[in-house]
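# let's see this in three dimensions:
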Amino acid sequence: MQPLVLLLGSVFVMQYVSVASVQIHGRSTGAAWAAKTASMKDCKVHWFEQQTDHFSWIPPPGNRTTFRQRYFICHPPGLAGQAVQKKPKNIFYYFGNEDNVELYVNNTGLMWESAEEFQAVMVFAEHRFYGETMPFPPGTEGCMSYLTTEQALADSARLLQLIRAGRSAEQGAVIGFGGSYGGMMAAWFRIKYPHLVDGVVAGSAPIWSFLGMEPPYNSGGYYDIVTRDASAAGGATDNCKNAFRAGQPRIYALADSADGRKLLSKSFRTCVDLATPEQAKGLVAWAQEPWSWLAMGNFPYASGYLLHGHGTLPPWPVRAACAALDALTPASSDSELLAGMREAAAVYYNHSGSVHCFYNGNTDEHSSPPRTMLGGASRIRKTLANNNSNKVRSNAAADMCEGDWDYQWCTE
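Predicted structure coming up:
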């Protein structure tokens, strides 16, 4: 029998259906569904003594053979206080990915909206090396060799065995959930540990996105979909994508002259004057980066998920960014195109409305740190700042023994 794995769509399926007022299965999740919204008050934090290494007899660094893994158990509000026979008998299990698990507790609406109907208790497991689940203290040599997908999957296997035994839920079903990397883990878990989970819902899970595969991985497919979101087909206008495309070669051309760099500095309101062609040309990457994040968070409601909980993007953020470019064409002046590109990027970089300048000439130092800096982001960011260098973020993560998506993406 083939494993039951429900893979939802491509890169930009809405992997984290929030609990704002949107239509899901034809039903409004507004006031009528208020009881089904995510709430930490319906959750209780738990800690599990997890095994550091599931596959070797060699003692881990510092002989730290176990660590405390954090997870939340949440009950759907509609079942609170019900009779025993109506209490949750099934388990919805979220495979935590590269971030603090509380972010997923608060943004995985599909689980919250379905748990009561399926009489399911929800479990949100935190991925090792992220949030508060830290196997090693900072500075432990060799710590990052234990940050692998295989180890994390084995963590969930041990945790699920404990939860199933403790809840006497052997008769009920266990359904896994995950989005993006978490969705990849969910799909792989169902294949590797089919006796522990009855099925999984894997949203936006690019399980084939590896180099060297046949058929080959399409490295440009991701940005094809981003571009679609910034076009009439995605609900914006074709002027948006066309104007942005036209603006990029203008930046390259202007970067080669002192007067051009002066115009770029003024138009983009840079934090420092652009002194070299290399600095100025870096504006292209700076202006491109927000679009992928806005597309991933292109929900029809305001959401702070893609900002790591440190701010809120507007509803349909790609359309909001496109509003600055909709009236422009490839024939628009340099000043018009550059100003439009700046205002589009500001939807992401200046989501707080308090940023007074952009881009300091170093593409590693943006005004608003991108969400690629996850897990122990604050301490990693502080390490980079204190060193006053361009040290690669993944190296900083290794020094801190904290998870970072760049590190995982690079090593796996």
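
# please state the offset of stretch 321-338 from the chain centre?
Chain-centre distance of stretch 321-338: 30 Å, with CA atoms, centre = their mean, to the nearest Å.

# what sits up against it?
230, 236-237, 239-240, 242-247, 250-251, 254, 263-264, 267-268, 290-291, 294, 339-348 (CB atoms under 8 Å, 6 or more residues apart in numbering). Placement of C-beta: from N, CA and C, glycine included.

# let's go with 7 Å and repeat that
With contact meaning CB atoms under 7 Å, 6 or more residues apart in numbering, stretch 321-338 is reached by 230, 236-237, 239-240, 242-244, 246-247, 250, 254, 263-264, 267-268, 294, 340, 343-344, 347.

# from these, list the buried ones, please.
230, 236-237, 239-240, 242-244, 246-247, 250, 254, 263-264, 267-268, 294, 340, 344, 347 (16 or more other CB atoms under 10 Å).

# and the residue nearest to R228 when sequence neighbours are not counted, how many neighbours does it have?
Nearest non-adjacent residue to R228, counting by CB to CB, 6 or more residues apart in numbering: G234, 4.8 Å away. Neighbour count of G234, defined by other CB atoms under 10 Å: 21.

# quick one, phi/psi of G234?
The phi/psi pair for G234 (degrees, to the nearest 10) reads phi -100, psi 10.

# thinking it is in contact with V226, fair?
No: with contacts counted by CB atoms under 7 Å, G234 stays clear of V226, the gap being 9.1 Å.

# still on that earlier bit, can you flag which of the buried ones among the contacts of stretch 321-338 belong to helices?
Among those, the subset assigned to helices under DSSP state H consists of 239-240, 242-244, 246-247, 250, 254, 263-264, 267-268, 294, 340, 344, 347.

# contacts only, for the closest residue in space to Q248 that isn't next to it in sequence.
Nearest residue to Q248 in three dimensions, chain neighbours excluded: V284, at 5.2 Å (CB to CB, 6+ apart). For V284, the contacting residues are 248, 251-252, by CB under 7 Å, 6+ apart.

# tell me the pLDDT of V284.
We have a pLDDT of 96 for V284.

# same thing with Q279?
With respect to pLDDT, Q279 scores 94.

# then M185?
On the pLDDT scale, M185 gets 97.

# and for the one 5 residues further on?
Looking at R190, its pLDDT is 97.

# could you measure from it over to R245?
In this structure, R190 and R245 are 41 Å apart, going by CB to CB, to the nearest Å.

# ok, those two, which is more surrounded?
R190 (21 against 12).

# mind giving me the packing neighbours of the helix or strand containing that one?
Assigned by DSSP states H and E, R190 belongs to helix 181-192. Counting contacts by 3 or more CB pairs under 7 Å, 6 or more residues apart in numbering; DSSP states H and E, helix 181-192 packs against strand 5-8, strand 90-95, helix 149-167, strand 174-179, strand 199-203.

# I'm done for today, thanks for sticking with me.
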